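S.K.: here is the input, now give the coordinates:
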Amino acid sequence: MIPMTLAEIAAATHGTLDTADPDTVVTAPLAFDSRHPAPGALFACLTGAARDGHDFAALAVEQGALAALAQRPIHVPAVLVPDVLTAMSDLARAVHQRYTGLTIGITGSAGKTTTKDLLAHLLAAHAPTVATPASFNNEIGFPVTVTSVRPDTRYLVLEMGARGKGHIKALCEVARPSIATVLGIGSAHVGEFGSREAIAEAKAEIVRALPPTGTAVLNADDPLVAVMAHDHPGPALFFGTAPGADVRATGITTHDGRPAFTLHHQGRTAPVQLSVYGRHNVTNALAAAATALAAGVPFDTVATTLSGATMATGGRLAVTTRPDGVTVINDAFNASPESVLAALDTLTDVGQDRRRLAVLGEMAELGGHSPAWHHRVADAAARADLAHLIVIGTGDGAHTLTTAYQAATGRTPDRHTPDTATAAVRDLLVPGDVLLIKGANSLHLESIAAQLLP
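M.R.: Sure, this is the predicted structure:
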């Protein structure tokens, strides 16, 4: 963190010091999990449904935290505030005001974390970079990331998620981006928003938050994103496969599921062979490349580094081959409809001339669109020519997926819970198979992948 004294933190959070030395200097990012020691940090005492962070403040201080951010006295040095979550954002805002580097915001219905990881790889090759860890893109993880910047940090990459109108606007009020990247408008959370147009309106808040001199980096292949250029008076940089895109890919091919293409920008071209899997990741790679170019990274550095860029976050098309030749594609972190279709395409690419199996969880938060999307996934699974399909879930989505797949193939998929699926899959696998595991984070399908991997 950019160093701040407890007195300065108390002023920024409208708090008061309790048994704390006002001159104590906090040098580490905000922490909120006492299971992970954070020397030099301020421990945020968050209160959840099952646990109260105030009960763990003493342990956090024993492990090296300098003080706690709390709502009541807790017998350790503390900054007492009316609301801890609000104070976390207030502190992040104060840190960001002292930050002199470039702030980059990324949003979209899918691909945020992949793009963020690829972009962080590109930027770190050029200058010191801080990026959102995992998917810390909400009101808790966001201030943790912002407070991770140090005086020498050149780039701050912030993934921004939204479950409603105004969410991204609020994040941008904490840390206003100078570059805003919008990936695409899909159907994730459409049940909550009501329509893709409503999702686009919420995502456009990141573009509207830009300063006049900021740059909007927009997906030229998505009309709902491309039109966001009208929400910003400053420059826009378009990426995609459309002929008019500023940063463009041509000649897209896949080899064992990993895409290759020719990268174009301002008359220059370079070959790119991605290390990540999935042809849909060409869009994410182009978004990362365009954002890095907007941030001042030279074209040659972007093209060369992009080929070697890897995912820092697990559970997203992580491909592992076991000693018996079984290949497991772990894409179990989350499951928007579009990402499920993309994962099935990747399964087909990786599993050419091999037996293919899939564990698919039912999709959530789709509202009235749920039956249609589960039908589309069932049709895609049928086209993937699976040896076996295992459906996870007990809701209407799982039922629709099961019956639609049966209608398309004449075969009934197995139905399991996450607890029973692992043993069932083990019984089905034979050496040389390719297995896709894909589902919503709430289904905890990561545990299936973990148990099936060596």
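S.K.: can you tell me the centre-most residue of this structure?
M.R.: Per Cα atoms, centre = their mean, the C-alpha nearest to the average position across the chain is that of Thr113, at 2.6 Å.
S.K.: which residues does the strand or helix carrying that one contact?
M.R.: Taking DSSP states H and E as the definition, Thr113 sits inside helix 112-124. Applying Cβ atoms under 8 Å, 6 or more residues apart in numbering, the contact partners of helix 112-124 are 104, 106, 108, 129, 131-132, 134-135, 137, 154-155, 157, 159-161, 181, 183, 276, 281, 284-285, 287-289, 291-292, 295, 297, 301-302, 305-306, 308-313, 316, 333. Where you see a C-beta, it was placed from the backbone N, CA and C, and this is true even at glycine.
S.K.: just the strands in the stretch 101-250 of the chain please.
M.R.: 102-107, 129-131, 155-159, 179-182, 215-219, 236-240, 247-255 (DSSP state E, counting those that start in this stretch).
S.K.: alpha carbons of the third one, in CSV - could you do that?
M.R.: Which is strand 155-159. Output in CSV follows, covering the C-alpha atoms of strand 155-159 (Å, rounded to 0.1, in the frame of the first residue of the first chain):
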residue,chain,number,x,y,z
TYR,A,155,-0.4,0.2,-13.8
LEU,A,156,-3.5,-0.6,-11.7
VAL,A,157,-5.8,-3.1,-13.4
LEU,A,158,-9.3,-3.3,-11.8
GLU,A,159,-11.9,-5.9,-12.8
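S.K.: list of residues touching it?
M.R.: Contacts of strand 155-159 (Cβ under 8 Å, 6+ apart): 99, 101-107, 112-113, 116, 119-120, 123-124, 126-132, 135-137, 142, 145-146, 149, 171, 175, 177, 295.
S.K.: and that strand, how far out from the chain middle?
M.R.: 12 Å (Cα atoms, centre = their mean, to the nearest Å).
S.K.: distance of the residue lying closest to Asn138 once chain neighbours are set aside from Leu293?
M.R.: In this structure, Asn138 finds its nearest non-sequential neighbour in Gly161, 5.8 Å apart by Cβ to Cβ, 6 or more residues apart in numbering. Distance of Gly161 to Leu293, computed by Cβ to Cβ, to the nearest Å: 25 Å.
S.K.: with Met363 instead?
M.R.: Taking Cβ to Cβ, one finds Met363 at 35 Å from Leu293.
S.K.: more crowded one of these two?
M.R.: Shown here are Met363 and Leu293; by other Cβ atoms under 10 Å, Met363 has more neighbours (30 against 22).
S.K.: local confidence estimate at the more buried one?
M.R.: Here, the pLDDT recorded for Met363 equals 91.
S.K.: kindly report the same for the one 5 residues further on.
M.R.: What the model reports for Gly368 is a pLDDT of 89.
S.K.: please apply the same query to the one 10 residues further on.
M.R.: Each residue has a pLDDT score; the one for Ala378 is 97.
S.K.: enumerate every residue touching it.
M.R.: Contacts of Ala378 (Cβ under 8 Å, 6+ apart): 400-401, 404-405, 407-408.
S.K.: now, of these, which are buried?
M.R.: 400-401, 404-405 (16 or more other Cβ atoms under 10 Å).
S.K.: now render those as TSV, adding secondary structure.
M.R.: Supplementary listing: those in TSV, determined by DSSP: H, G, I helix; E, B strand; the rest coil:
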residue	secondary structure
Thr400	helix
Leu401	helix
Ala404	helix
Tyr405	helix
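S.K.: and which of those is nearest Thr327?
M.R.: Tyr405 (22.2 Å; Cβ to Cβ).
S.K.: verify the contact between that closest one and Ala381 for me.
M.R.: Yes: the criterion here is Cβ atoms under 8 Å, and Tyr405 meets it with Ala381 at 5.7 Å.
S.K.: now do the helices in the stretch 151-300 of the chain.
M.R.: 167-174, 190-193, 196-203, 205-208, 223-226, 281-294, 299-308 (DSSP state H, counting those that start in this stretch).
S.K.: closest to Thr422 out of those?
M.R.: Once the helices of the stretch 151-300 of the chain are compared by Cβ to Cβ, helix 281-294 is nearest, at 27.6 Å.
S.K.: tell me what angle the closest one forms with strand 247-255.
M.R.: Interaxial angle of helix 281-294 relative to strand 247-255 (axes from the mean of the first three to the mean of the last three Cα atoms, to 10 degrees): 140 degrees.
S.K.: just checking, what packs against helix 281-294?
M.R.: strand 102-107, helix 112-124, strand 179-182, strand 215-219, strand 236-240, strand 247-255, strand 258-265, helix 299-308 (3 or more Cβ pairs under 8 Å, 6 or more residues apart in numbering; DSSP states H and E).
S.K.: 7 Å instead, please
M.R.: The contact analysis (3 or more Cβ pairs under 7 Å, 6 or more residues apart in numbering; DSSP states H and E) places helix 281-294 against helix 112-124, strand 179-182, strand 215-219, strand 236-240, strand 247-255, strand 258-265, helix 299-308.
S.K.: which one of the ones you listed is the most hemmed in?
M.R.: Burial of those is given as mean neighbour count (mean count of other Cβ atoms under 10 Å); strand 179-182 ranks first at a mean of 29.
S.K.: looking at the contacts of Ala378, which one is closest to Gly40?
M.R.: The closest of those, once distances to Gly40 are taken by Cβ to Cβ, is Leu401, at 48.8 Å.
S.K.: distance of the closest one from Asp385?
M.R.: According to Cβ to Cβ, Leu401 stands 17 Å off from Asp385.
S.K.: which of the contacts of strand 155-159 are buried, as a PyMOL select command?
M.R.: Paste this into PyMOL to select the buried members of those, with burial taken from 16+ other Cβ under 10 Å:
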select buried, resi 99+101+102+103+104+105+106+107+112+113+116+119+120+123+124+126+129+130+131+132+135+136+137+142+145+146+149+171+175+177+295
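S.K.: in the protein, which ranges drop under the pLDDT threshold?
M.R.: Flagging of the chain using pLDDT under 70 yields the residue ranges 188-189, 191-192, 314-315.
S.K.: care to break it down by domain?
M.R.: 4-82, 99-308, 318-452 (automatic domain parsing).
S.K.: mind putting these into CSV with distance to Arg93?
M.R.: As requested, the domains of the chain are exported to CSV (distance: least, Cβ to Cβ, whole Å):
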stretch, distance to Arg93
domain 4-82, 7
domain 99-308, 5
domain 318-452, 28
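S.K.: right, and the ones you listed - which one's nearest Asp90?
M.R.: domain 4-82 (4.6 Å).
S.K.: okay, how far is it across the closest one, tip to tip?
M.R.: Chord length of domain 4-82, first to last residue, is 20 Å (Cα to Cα, to the nearest Å).
S.K.: same check on stretch 10-18?
M.R.: Note: stretch 10-18 ends 10 Å apart using Cα to Cα.
S.K.: ok, and what's touching it?
M.R.: 6, 73, 78-81, 87, 90-91, 94 (Cβ atoms under 7 Å, 6 or more residues apart in numbering).
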